[in-house]
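J.: Sequence and predicted structure, then a few things I'm wondering about:
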Amino acid sequence: MENTFLILDESPSMGDVFDDAVNYLIDLIISKVARGKKKDLVGIITVHDSTTSNPMNDRNPEEWLNCVIEEPKLFNWELLGKLYRDRFRLNPTNPGDCEADLPRALAIALQYIADLNGNKRRKSAIHSIILVSNLDAECSWDGLIEPICSLALQYDVLIGIVYFTKGGSQDSNPSFLTYQNNLESFTRLISILQKQSASIKGRVHESFVCSFDKAKDYLRDYRMEPPKRITPVRTFNGEIRLCCDLNSIDLQNTLGDLRNLNDISDYMPKYDKWKDPFSLSFMADGYPLTKDDVVNLTQDVGVNEEDSHFRVFPIHHVREHYVEEQTEDDTISTKVIHDYALQKGYRYGSSIIPATSAIERQLEMLTYSGIDIISFTKKSQIPPWYYRGETILLIPTKDSSKKDLYAFNQLAQSMLSSGTLAIARVVQRTGRPAVLAALIPNVILTKNTKYYLKKEDGSLKRTISQMESDEPKHYYGFSMVKLFFKEDEKIPILGKVSGLSEEEDGDKNYPTREMVACMEKLVDAMDIDELNGIDDKKVTENLYIELNDFDTLPIPWKMGIDQESSFKSLNKVTRQILSQNSPKTHFLQKVLKTVYHYQLEDAQEGDNLYDLVEKSKNGVVTEDEKTFFDLICEELCKTHDFIPHFGPEVEMEELKIFETDKVEKKVIIKEEVKEDELKSVEELLGYQA
């Protein structure tokens, strides 16, 4: 859970920049709403408010006035619209002597965090405070530096100060001295926090002071991120076994579940994997390395009734079985059969065997979770199109013993040094079918481990003393990619074209030599694993996995794949791929943002989104004389370049393919068109003014 407190200065000196400050806070909240996290709460604090409601004023009345704090809540689009319309208001009156200024607003937020935690020893939530102001109001720091630092360090609170820059001098601008003193005071506060938290390295150590322009530039636009965050859920927990007697293990597991045998010792194999000197077994956990977001289909349908109103009805999926009956007069009728009258059966030759419950139990194949390595092979021996299944990241368990940890790391080190991968039989969960998968060893690059790579000797191996040090144990991992082969599937024998059409009157069914060369160039151009601009052929990018480490709160610095490091593990192409989203994501987020901001700015009380769209079709509703559809069109046109360029284009001018002397490229000539010649979006959509 994360609690974020946003402090807004509503003093009259904020008049010129108040709208910018409100929009910045709204964008911060929108970035959270778009992610859809259910435990990402936001609390609003307003300074120089017209009313008073805060815990410090309850303790000392008449000394912490005109400051309102709201309890953190989960925002949605409706609450965000209410906040935009009713909550943020510039107060034109001058501040009084007993008002809570900006430093006291920080103290109020920290005291509220202390009240939330109470006497809890374990802090289950993380906290952040973002203050936005132009620093023009008078502030008093008497007796506040020490308690603010103490509470921030105790509860590991990230404090961010976003200020509007002010130019000029004291002579030209009377409030410049106040602005300068406030900026120096906040800078000194953050410096003290960073110095005192140097040994902790928690969130409080990441506190910052930055200008509004810089904060706005670094604000994570939610259009560039997935619309919701995925929390890793463990999908595998079991053993990884090597050189074990797989048949004996399966028989032991099956006999162990039998309940109708009095004595199974006569049938139980004598194999013991723990005593077998050639067997290797250790525990591992699996987490999704890649995640596909499944879009649920709608279960409702809208029906237009006679009064032009829509009604929504649920969709029911019904499957009926029926038989055809022929009567004595040769008429054929259908009769519906209920489910209880149906009997499942298996065809065996020309006979059908009824599948009773007893037969169904005998046909069940008992499987148990585990990964059994059955062979090793070079990476180059597996065609890349075999990797088409789900990918799971295997790492040691959280409570791994030293034996399991050493076995896991040594197996990964050996496979990395030899450039091999393992083919394994995988049962992901008990009762699930057995499938084949490839185990690819990797070095996991995280915020903590990416700097531990030893580049001096070019080796990726660590000694036992290094494993026992304070380095994270999740240093090595396996990428388990499911293959599409199954136990009951066989590869068909297909024909293979192995000839070339050399002569002009050659066989038309064979490709020309030029065509084969063209296909080879095309395959080379599609190789996105080749490192760009690196001459060292020993550096192979597929050894590494770099996990995304996004912030829970968009704050002004670069993290994740854009973070600079001394070891460039991923090439330019891969970084482009990791930083992209699908066109659907960009399109939906663009439309949602435009629709929502349009609703906030132009909606009248009682209007819904449907009415707003209908109004925009018939007339101008915005100040800059642009309709709603024009705004969406302009926003969408700005994101036409999010598809990365993977490699050089294949030159095809001089190739001769299928008796064709030359294949010319199509050249697209961009013509400039005057604005008055362009059709409006309404005309394109069929809405005439």
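T.: Looks like it arrived, so ask away.
J.: quick one, longest strand in this structure?
T.: Of all the segments of type strand in the chain, defined by DSSP state E, the longest one is strand 435-445.
J.: what's it packed up against?
T.: Helices and strands touching strand 435-445, by 3 or more C-beta pairs under 8 Å, 6 or more residues apart in numbering; DSSP states H and E, are strand 370-378, strand 391-395, helix 402-418, strand 420-427, strand 476-482, strand 544-546. Quick note: C-beta positions are derived from backbone N, CA and C, even for glycine.
J.: Of the ones you listed, flag the one that's most buried.
T.: Compared across those, strand 476-482 shows the largest average neighbour count, a mean of 23 (mean count of other C-beta atoms under 10 Å).
J.: So what angle separates the directions of the longest strand of the chain and helix 402-418?
T.: 90 degrees (axes from the mean of the first three to the mean of the last three C-alpha atoms, to 10 degrees).
J.: Residue 395 and residue 407: what is the separation?
T.: Note on residue 395: its distance to residue 407, by C-beta to C-beta, to the nearest Å, is 13 Å.
J.: What of residue 50?
T.: Distance, residue 50 to residue 407, by C-beta to C-beta: 67 Å.
J.: do residue 355 as well
T.: In this structure, residue 355 and residue 407 are 44 Å apart, going by C-beta to C-beta.
J.: Equivalent analysis for residue 59, please.
T.: Distance of residue 59 to residue 407, given as C-beta to C-beta: 58 Å.
J.: any idea how far residue 238 is from residue 369?
T.: 4 Å.
J.: Look up which helix or strand the residue lying closest to residue 268 once chain neighbours are set aside falls in, please.
T.: Among residues not flanking residue 268 along the chain, residue 255 sits closest, at 5.6 Å (C-beta to C-beta, 6 or more residues apart in numbering). Here residue 255 sits within helix 246-256, counting by DSSP states H and E.
J.: Tabulate the CA atom coordinates of that helix in PDB.
T.: Coordinates of the C-alpha atoms in helix 246-256 are reproduced here as PDB (Å, rounded to 0.1, in the frame of the first residue of the first chain):
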ATOM      1  CA  LEU A 246      12.000 -40.200 -13.600                       C
ATOM      2  CA  ASN A 247      10.000 -43.500 -14.000                       C
ATOM      3  CA  SER A 248      10.600 -44.400 -10.300                       C
ATOM      4  CA  ILE A 249       9.600 -41.000  -9.100                       C
ATOM      5  CA  ASP A 250       6.400 -41.100 -11.100                       C
ATOM      6  CA  LEU A 251       5.600 -44.500  -9.800                       C
ATOM      7  CA  GLN A 252       6.300 -43.500  -6.200                       C
ATOM      8  CA  ASN A 253       4.000 -40.500  -6.500                       C
ATOM      9  CA  THR A 254       1.200 -42.500  -8.000                       C
ATOM     10  CA  LEU A 255       1.400 -45.300  -5.400                       C
ATOM     11  CA  GLY A 256       1.600 -42.800  -2.600                       C
END
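J.: Give the other helices and strands that it contacts.
T.: Helix 246-256 makes packing contacts with strand 370-378 when contacts are defined by 3+ C-beta pairs under 8 Å, 6+ apart.
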